[in-house]
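*Asks:* could you look at this predicted model? Sequence included:
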Amino acid sequence: DSGVTQTPKHLITATGQRVTLRCSPRSGDLSVYWYQQSLDQGLQFLIQYYNGEERAKGNILERFSAQQFPDLHSELNLSSLELGDSALYFCASSPGTSFMVAKNIQYFGAGTRLSVL
Amino acid sequence: GQQLNQSPQSMFIQEGEDVSMNCTSSSIFNTWLWYKQDPGEGPVLLIALYKAGELTSNGRLTAQFGITRKDSFLNISASIPSDVGIYFCAGQLGAGGTSYGKLTFGQGTILTVHP
């Protein structure tokens, strides 16, 4: 158990709908990362938050947004869903309080499998 | 987006054999990591490498950080059935709360071990 909790584990929805994926980081971790894993694109970085603030953006579509709340949990919102958004979405967390890489390993949750029908 | 070139894409081996996989990049990274993913789970860190030229072991796993900082390899010795899974390399520029902490992943190596 990595200590990172993601809910729900599975999500089935229809095109055009909006969903919210939730992530609770490991206790004490301030940094949260979201990744998308699909068959054709592999594991891709979407967005990073640090202590409530957006820190870095990757290949995240404009239809997608995220936020990190004061209690440090994070939500990834996916709207106007398309068939191609079907994928595994992972959240990872790291302490974020040190610039030493060795003290900032990212631990991954079990993911949310999104199926858009 | 940028991805690392990981090879081979898949391997079918007999139990007890050694395995080798590698990763190359067109740009440098300051950290190389190797993760393993089992079905229905998220990636789990196996080995982290922090210095160019570093060779690190974790049980039957050995990984090296290339001198040019553009490549890394992972060896698994005396494979066992529970080694089955997908192995990913990942490169990282920075850490922590900086904007350089994101991981760039290879496409993965699917390992099958026949008893």
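*Replies:* On my side now, so go ahead. Residues are numbered from 1 along each chain as shown, chains lettered A, B, ... in the order given.
*Asks:* closest point of chain B to chain A, which residue?
*Replies:* B:Gly42 (3.3 Å; CB to the nearest CB). Where you see a C-beta, it was placed from the backbone N, CA and C, and this is true even at glycine.
*Asks:* show me what the spatially most central residue of chain A is bridged to.
*Replies:* Taking CA atoms, centre = their mean, the centroid of chain A lies closest to A:Trp34, which sits 2.8 Å from it. With DSSP bridges applied, A:Trp34 shows beta-bridge pairing to A:Ile47, A:Cys91.
*Asks:* show me the contacts for the residue of chain B closest to chain A.
*Replies:* Contacts for B:Gly42 (CB atoms under 8 Å, 6 or more residues apart in numbering or on different chains) come out as A:Ser2, A:Val4, A:Phe90, A:Ala92, A:Phe108, A:Gly109, A:Ala110, A:Gly111.
*Asks:* check contacts around the residue nearest to B:Ser79 when sequence neighbours are not counted.
*Replies:* Leaving aside its sequence neighbours, B:Ser79 sits nearest to B:Val113 (CB to CB, 6 or more residues apart in numbering or on different chains; 5.0 Å). Residues near B:Val113 by CB under 8 Å, 6+ apart: B:Ile13, B:Gln14, B:Glu15, B:Ser79, B:Ile80, B:Pro81, B:Asp83, B:Val84.
*Asks:* same thing with A:Leu78?
*Replies:* Contacts of A:Leu78 (CB under 8 Å, 6+ apart): A:Arg18, A:Val19, A:Thr20, A:Leu21, A:Arg63, A:Phe64, A:Asp85, A:Leu114.
*Asks:* ok, 6 Å please
*Replies:* A:Leu78 makes contact with A:Val19, A:Phe64 under the criterion CB atoms under 6 Å, 6 or more residues apart in numbering or on different chains.
*Asks:* low-confidence ranges in chain B?
*Replies:* B:1-2, B:95-99 (pLDDT under 70).
*Asks:* now do the end-to-end distance for stretch B:13-26.
*Replies:* Stretch B:13-26 has an end-to-end distance of 30 Å (CA to CA, to the nearest Å).
*Asks:* likewise stretch B:57-74?
*Replies:* Termini of stretch B:57-74 sit 10 Å apart (CA to CA).
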